[in-house]
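K.L.:
Turn this into a model:
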Amino acid sequence: MDKVGLMYVGAVLFINSLMLLGKVDQKSAGVFNLFIGAMQVITPFYLIFTSKGDLWIIFNASGIFLFGLTYLYVGISNLKNLDSSGLGWYSLWVAILALGYSYINFAKLQDIKFGIIWLMWSFLWTLFYLLLAQKKNIAVFTGWVAFIQAWITATIPAFLLLINQWDVVGLKTTLAVTILTIFAFIVIYISTKPSSSKINRISTEA
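P.N.:
Predicted coordinates:
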């Protein structure tokens, strides 16, 4: 993925995480999603037009569209107050495709770091599917997952790539960060999961 584009994936994930945590207004976040979404759609078109038919450049550019169209969809949905089910089902489609990008990074490119990063993005898009299409009560958990992923899957990797220090991150560090992240997700899920008594009380009140 384009290094600068990856940096701004981190920015929009950061804003969207704060929106899910109730810190940023939906329409305000929607405007930012439109800015980044437009950038993430224009950039891959440029990369494809200048690729001279290089299939790997085209393949990498295709992955950027997944982000760009997601952010445009989020931006328009927020500004127009649209039902979220369409965006949720689109997120499921992207989550499945992200598994394919992960496989290619692991098996074909021998890039373990981005193989793991694509798995994490697949997990996040799956959460968006459950939240937006299946209407699961996981907004706070999804917000915290997006907040963490904004830094470890986008902002920090992009910054290290831009200063040519990404290769300094070795396998041990990658695995340690991955394990700590999974542990953090489990702890956050348990601490943010609504209790059954609370769910029953809400159902009774409804």
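K.L.:
Against residue 43, how distant is residue 61?
P.N.:
Between residue 61 and residue 43 the computed distance is 8 Å (Cβ to Cβ, to the nearest Å). All C-beta atoms are positioned from the backbone trio N, CA, C, and that covers glycine.
K.L.:
ugh, wrong one, I meant residue 118
P.N.:
From residue 118 over to residue 43 (counting by Cβ to Cβ), the distance is 18 Å.
K.L.:
Can you mark which positions in the helix or strand hosting residue 182 are buried?
P.N.:
Of the helices and strands defined by DSSP states H and E, residue 182 is found in helix 171-192. Neighbour-count burial for helix 171-192, counted by 16 or more other Cβ atoms under 10 Å, picks out 178, 181, 185, 188.
K.L.:
still on that earlier bit, so residue 118 and residue 43 - more neighbours on which side?
P.N.:
residue 118 (24 against 20; other Cβ atoms under 10 Å).
K.L.:
wait, doesn't the more buried one sit right on residue 101?
P.N.:
Yes: the criterion here is Cβ atoms under 8 Å, and residue 118 meets it with residue 101 at 4.5 Å.
K.L.:
Skip ahead from the longest helix belonging to the chain and say which helix or strand is next.
P.N.:
Ranked by residue count and defined by DSSP state H, the top helix of the chain is helix 55-80. Counting by DSSP H and E, the next helix or strand C-terminal to helix 55-80 is helix 85-103.
K.L.:
Report the angle between that next one and helix 55-80.
P.N.:
160 degrees (axes from the mean of the first three to the mean of the last three Cα atoms, to 10 degrees).
K.L.:
CA atoms only: put helix 85-103 into CSV for me.
P.N.:
Output in CSV follows, covering the C-alpha atoms of helix 85-103 (Å, rounded to 0.1, in the frame of the first residue of the first chain):
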residue,chain,number,x,y,z
SER,A,85,-26.9,-2.1,6.9
GLY,A,86,-25.5,-1.6,3.4
LEU,A,87,-22.1,-0.4,4.8
GLY,A,88,-22.2,-3.4,7.2
TRP,A,89,-22.6,-5.9,4.5
TYR,A,90,-20.0,-4.2,2.3
SER,A,91,-17.7,-4.5,5.3
LEU,A,92,-18.2,-8.3,5.4
TRP,A,93,-17.3,-8.5,1.7
VAL,A,94,-14.1,-6.5,2.4
ALA,A,95,-13.3,-8.6,5.5
ILE,A,96,-13.3,-11.8,3.3
LEU,A,97,-11.2,-10.1,0.6
ALA,A,98,-8.7,-8.9,3.3
LEU,A,99,-8.1,-12.6,4.2
GLY,A,100,-7.0,-13.1,0.6
TYR,A,101,-4.6,-10.1,0.8
SER,A,102,-3.2,-11.6,4.0
TYR,A,103,-2.7,-15.0,2.3
